[in-house]
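S.K.: Sharing a model prediction with you, sequence too.
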Amino acid sequence: MTDSISRNFSRLGQSVHTDGTITTNASTASTWLTPRTITLSGDLTGNVSIDGSENVTLTATVAGNTVTLGVDTTGNYIAEIAAGTGITVTGSGSETATGTIGIDGTVAT
């Protein structure tokens, strides 16, 4: 009897173990047996829980102070303005800086 049951289940792509348990995959399911959480970390953060019952949306956020100009970005930027003869520079060198360039009388007019 057990042998014929095993043969019938193997035709269905399932298996019967010697202890009498049956291994199978559901052809349909409303949710996963174990829900999961997907988490982003590093420069991009966010998470979403998913149990297979519906589509989900993962909203991601760029973590504060993780983007390095010239490394994580493309395009032009000025990291700092250097002064020269007859030229003074103040307020340079930070992301929110308001730079001021001064020219004294030794520079051509």
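M.R.: Arrived safely.
S.K.: helix/strand/coil for Val71?
M.R.: When classified by DSSP: H, G, I helix; E, B strand; the rest coil, Val71 comes out as coil.
S.K.: Give me the distance between it and Asp43.
M.R.: Separation of Val71 from Asp43 (C-beta to C-beta, to the nearest Å) stands at 11 Å. Every residue, glycine included, has its C-beta placed from N, CA and C.
S.K.: Which one of these two is surrounded by more residues?
M.R.: Counted by other C-beta atoms under 10 Å, Val71 and Asp43 do not tie: Asp43 has more neighbours, with 13 against 6.
S.K.: Around the closest residue to that one other than its chain neighbours, how many other residues sit close by?
M.R.: In space, not counting the residues next to it along the chain, Asp43 is nearest to Thr66; the distance is 4.2 Å by C-beta to C-beta, 6 or more residues apart in numbering. Around Thr66 there are 11 other residues, counting by other C-beta under 10 Å.
S.K.: doesn't Leu40 make contact with Thr66?
M.R.: No - between Thr66 and Leu40 there is no contact under C-beta atoms under 8 Å: 11.9 Å.
S.K.: which stretches of the protein form helices?
M.R.: Assigned by DSSP state H, the chain shows helices spanning 2-11.
S.K.: which stretches of it have low pLDDT?
M.R.: Regions of the chain meeting the criterion pLDDT under 70 cover residues 1-26, 108-109.
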